[in-house]
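Student: fold the stuff below for me.
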Amino acid sequence: MFLKHTDDVCCNDIMKKICSLGLGLMSWVCLAGASARATVVGLGTIEQPVNLCAAADPSRIPLGPVVIESNYGYGTHAVIVEPRPCLRGAMTWKGGLELNQNLASAFGISLEIEDDTQIHEGIVRLVLRNQARPAYSPYQRQQVVAATLHCLLRSVHATPKSPLRVQIVSQNASDQDWIKTFPAEYVNRPDREGDVIEFTEIPGTKIEVDVYGVAHVVFPQVKMVPSVTPLKPIMIPVSLAGGDADDTRIVILPQWVGDTVISPLEVIAQPYSLCYDRFNSAAPTLNQVNFLQQGREPLQWRIHESATVTHLTCYFSEQSHEVISAGLYAAILSAQPTEEKPMIVTMYSLGDAKKLFAPFLKDGSWVLHKERDQEFIETIFVIGKNGVLMRGVLPDILLEKTASGSYMLTYTGDEKAYAEPAQEAEIMDSPPLPSEFKKTDERNPPFTSDVPISPFDQNQPNPLLDIFLKPVIE
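Tutor: As a prediction, this is how the structure comes out:
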């Protein structure tokens, strides 16, 4: 999770290791505000408990980060409980449709904060309205309160001398017994680096991070329902850069599309505008969240899936290598390709093909083809643990995980270096497309390709983060 004005907050056992080593992990993303005095307008993210409607697993609640814009962080924590619109399709259940993807909002939870820029100075009131639980939801009210508290705690820097004080208030008298089980004060950081302290636990919960980099509040005492089909997130690239922050990393954020969407992977390249403006909503800094769409250059994006392969065909024009690679990595993380079901990417150019293809062709992992006087490049991707590419390469892009589990990208190349390709790449025949596979025994044959396996790891691990990362959910 990225925040404008707080550290990444991870689960207790990880944080204890961090504190014992005296290591502080921080993610600051700021924009310089020029329209007002004493103003620092920044972009960042904060998590919300995600409502998956009838597809929810009662044993866990995903925490979905959303983009926020604020001045010195004012008003950001209230976003945790604000409605989260389902921007693509709708979530269905036997009683109709649901469009609100914020579970706290759907359960009638609100946060009352006296001064959001000094959240530790007062008491945060978590208020539960006396309203009926959504008929489609498998969760109890105390589960949603716990997930909301996790979002709040992961967004602040609470120390023994300056703890986070929370008062849970319910308009329903029957809630009082379980409310008493929650602590009144929370600590997730030491006052000094190197101090080893006990961090406050939220009763009956733990944090796990899945293969998409999404943190889940897990309830070990609650059994999952095997008949429920999980609603997988679709990842999109988001740049939180601004001002002079040219080296700001790109974050890969999840979005959950409605189950009415026929081809969810198509959504990766579509406009995405979910951003909570807490500074000046009449003139937002960021109108378009999706990095692929921010430059408004023409592009096409088509996905074909079969039992044995995911095939992405994309057309780019003047997009930078950084933008294209971020979009491709988001697609790879979304599809989670394996050796049994890899992802083949076919890329065409709507503009200067030599300039567009040059950065991809420099190491031999992409293959240049020519068909009917049109050139295109192609490769195969297979992903491993923690997002590492086991097959296929995206040059000049480094993938890392934050201590809270989310993915971020860093562009390490130089766009100017690819203005003129050093040499012409060899043109090869195209491998068969998924549509050309013949059915055998009512099953598609395994997918094969001449594209070579990368002889080296795509991304070198960050030694500072490795020891703090929890294993992903298999």
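Student: ok, V345 - how many residues close by?
Tutor: Counted by other CB atoms under 10 Å, the residues lying close to V345 total 24. C-beta: built from backbone N, CA, C; applies to glycine.
Student: could you find the closest non-adjacent residue to it?
Tutor: Among residues not flanking V345 along the chain, L312 sits closest, at 4.9 Å (CB to CB, 6 or more residues apart in numbering).
Student: who does the one you found bridge with?
Tutor: Judged by DSSP bridges, the bridge partners of L312 are I303, V345.
Student: identify the residues contacting it.
Tutor: L265, W301, R302, I303, L328, A331, M343, I344, V345, T346 (CB atoms under 8 Å, 6 or more residues apart in numbering).
Student: let me know the pLDDT of it.
Tutor: Note on L312: pLDDT of 97.
Student: and for the one 3 residues further on?
Tutor: Y315 carries a pLDDT value of 96.
Student: all further residue positions should be reported with the first residue as 22.
Tutor: All set: I'll call the first residue 22, so the last point we hit is now Y336.
Student: can you give me the distance of it to A347?
Tutor: 17 Å (CB to CB, to the nearest Å).
Student: where are the low-confidence patches of this protein?
Tutor: Within the chain, the segments meeting pLDDT under 70 span 22-60, 263-269, 305-307, 436-495.
Student: still on that earlier bit, please indicate which of the contacts of L333 are buried?
Tutor: Among these, those classed as buried by 16 or more other CB atoms under 10 Å are L286, W322, I324, L349, A352, M364, I365, V366, T367.
Student: okay if I get these as CSV plus distance to N92?
Tutor: Supplementary listing: the buried ones among the contacts of L333 in CSV, determined by distance: CB to CB, whole Å:
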residue, distance to N92
L286, 36
W322, 35
I324, 39
L349, 34
A352, 34
M364, 41
I365, 46
V366, 41
T367, 44
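Student: which one of those residues is nearest to L419?
Tutor: L349 (14.1 Å; CB to CB).
Student: helix or strand for the closest one, which one?
Tutor: Taking DSSP states H and E as the criterion, L349 maps to helix 342-356.
Student: next one: that helix to chain centre, how far?
Tutor: 12 Å (CA atoms, centre = their mean, to the nearest Å).
Student: mind giving me the packing neighbours of that helix?
Tutor: On a contact count with 3 or more CB pairs under 8 Å, 6 or more residues apart in numbering; DSSP states H and E, helix 342-356 meets strand 255-260, strand 271-276, strand 331-337, strand 364-370, helix 374-382, strand 395-404, strand 418-422, strand 428-432.
Student: okay, those, which one's buried deepest?
Tutor: Most buried of the helices and strands packed on helix 342-356 by mean neighbour count (mean count of other CB atoms under 10 Å) is strand 255-260; its value is a mean of 27.
Student: could I get that strand in PDB with only the CA atoms?
Tutor: Extracted in PDB, the C-alpha atoms of strand 255-260 (Å, rounded to 0.1, in the frame of the first residue of the first chain):
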ATOM      1  CA  ILE A 255      -7.900  -6.900 -12.700                       C
ATOM      2  CA  MET A 256      -4.600  -5.000 -12.300                       C
ATOM      3  CA  ILE A 257      -4.000  -1.600 -13.800                       C
ATOM      4  CA  PRO A 258      -0.900   0.600 -13.900                       C
ATOM      5  CA  VAL A 259      -1.100   3.900 -12.000                       C
ATOM      6  CA  SER A 260       1.600   6.600 -12.000                       C
END
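Student: so what are the sheet partners of that strand and their directions?
Tutor: For strand 255-260, pairing defined by DSSP bridges yields strand 271-276 (antiparallel).
Student: name the residues that touch the partner strand?
Tutor: With CB under 8 Å, 6+ apart as the criterion, strand 271-276 contacts 23, 66, 83, 85-88, 108-109, 233-235, 254-261, 288, 293, 295, 310, 312, 343, 347, 350-351, 354, 427-432.
Student: give me the sheet partners of the helix or strand that it is followed by and which way each runs.
Tutor: Counting by DSSP H and E, the next helix or strand C-terminal to strand 271-276 is strand 296-298. The pairing partners recorded for strand 296-298 under DSSP bridges are strand 81-92 (parallel).
Student: got CSV for the helices and strands packed on helix 342-356, with distance to L185 too?
Tutor: Listed next are the helices and strands packed on helix 342-356 as CSV, based on distance: least, CB to CB, whole Å:
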stretch, distance to L185
strand 255-260, 27
strand 271-276, 24
strand 331-337, 43
strand 364-370, 42
helix 374-382, 45
strand 395-404, 37
strand 418-422, 25
strand 428-432, 26
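Student: R412 is nearest to which of these?
Tutor: Nearest of the helices and strands packed on helix 342-356 to R412, taken as CB to CB: strand 395-404 at 3.8 Å.
Student: roughly how far does the residue nearest to V366 sit from G348?
Tutor: Taking CB to CB, one finds L333 at 10 Å from G348.
Student: what's the domain layout of this structure?
Tutor: Split into domains by automatic domain parsing, the chain comes to 22-317, 318-487.
Student: and the first one, how far out from the chain's middle?
Tutor: Think domain 22-317. The answer for domain 22-317 is 11 Å, by CA atoms, centre = their mean.
Student: does W199 sit in a helix, a strand or a coil?
Tutor: Following DSSP: H, G, I helix; E, B strand; the rest coil, the label given to W199 is helix.
Student: what about it, distance to H171?
Tutor: Relative to H171, and taking CB to CB, W199 is found at 16 Å.
Student: who has more neighbours, those two?
Tutor: Set W199 next to H171 and count neighbours by other CB under 10 Å: H171 wins out with 24 against 18.
Student: ok, now which ones touch the spatially closest residue to the more buried one that is not a sequence neighbour?
Tutor: Once flanking residues are discounted, H171 sits nearest to V238: 5.1 Å by CB to CB, 6+ apart. Counting by CB under 8 Å, 6+ apart, V238 makes contact with P70, R81, I82, L84, Q164, A167, A168, H171, T226, K227, I228.
Student: and what of Y293?
Tutor: L108, I257, Q276, Q309, V310, N311, Q314.
Student: neighbours of the residue nearest to Q314 when sequence neighbours are not counted, just the number please.
Tutor: Among residues not flanking Q314 along the chain, P292 sits closest, at 5.0 Å (CB to CB, 6+ apart). Neighbours of P292 under the rule other CB under 10 Å: 14.
Student: measure P292 to V88 for me?
Tutor: From P292 to V88 the distance is 14 Å (CB to CB).
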